[in-house]
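Participant: Got a predicted structure here, sequence first:
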Amino acid sequence: MIRFEKSDLEKASSVLFSESVQVRFQDVDAAGVVFFARFLDYVHQAYEALLEKVGVDLPGVLRSREWAAPLRHVEADYRSPAFFGDLLSVELVAAEIQETEISLGWRLNCNSGARPRAVAVVQSVHTFIAPETRQRSPVPAAIRDGLAALQAAV
């Protein structure tokens, strides 16, 4: 499992992929701040969009049970609060591909207000398995090739 330095994720100059997310009313707690677990929702939404971008039909994969990619590890560090109505960019800024897993480093920026600011950094590790046996399996070619192409483009 690859772990990224949190400061590297926050200060990364290259963005491999980005997805915009608007903070909704139901995302905030009684203090008006985004509830901490929502950041993981935002990252997962971006992950799904990333898979679509690299040509993975996730609904089709789930129906066919071709492969699964459960989370093996996830961690988040919060830098600044986000509020109802804020526009966030969920940016993939680091990716490491191994034989049976991928490690992804994400930065969430708030683009509302006077100047953009990092609100969180998140790391996720997905381990690929064969659903029938629950044994590790190679990272699918579409994901491996798609991430490699995104890395080569920056």
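Facilitator: All right, it came through fine.
Participant: Return the set of buried residues in the longest helix seen in the chain.
Facilitator: With secondary structure taken from DSSP state H, the chain has its longest helix at helix 38-53. In terms of neighbour count (16 or more other Cβ atoms under 10 Å), helix 38-53 has its buried residues at 38-40, 42-43, 46-47, 49-51. Just so you know, the C-beta spots here come from the backbone N, C-alpha and C atoms, and that holds for glycine as well.
Participant: From Ser89, how far off is the residue sitting nearest the centre point of the chain?
Facilitator: The chain has Val43 as the residue nearest its centroid, 4.0 Å off, counting by Cα atoms, centre = their mean. For Val43, the distance to Ser89 (Cβ to Cβ, to the nearest Å) stands at 12 Å.
Participant: which residues are common contacts for these two?
Facilitator: Here Val43 and Ser89 share the contacting residues Leu108, scored by Cβ atoms under 8 Å, 6 or more residues apart in numbering.
Participant: if I pick the closest residue in space to Ala94 that isn't next to it in sequence, what's in contact with it?
Facilitator: Nearest non-adjacent residue to Ala94, counting by Cβ to Cβ, 6 or more residues apart in numbering: Gly105, 3.2 Å away. Listed by Cβ under 8 Å, 6+ apart, the contact set of Gly105 reads 4, 8-9, 12, 92-95, 121-123.
Participant: Now Val121. Nearest residue, chain neighbours left out?
Facilitator: Leaving out its chain neighbours, the residue that sits closest to Val121 by Cβ to Cβ, 6+ apart is Leu9, at 4.2 Å.
Participant: need the strands for the protein, in chain order.
Facilitator: With DSSP state E as the criterion, the chain has strands at 17-22, 71-78, 87-97, 101-110, 117-127, 129-130, 135-136.
Participant: Format these as TSV; extra columns: mean pLDDT.
Facilitator: Output for these, formatted as TSV (pLDDT from 0 to 100):
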stretch	mean pLDDT
strand 17-22	97
strand 71-78	96
strand 87-97	97
strand 101-110	97
strand 117-127	96
strand 129-130	98
strand 135-136	98
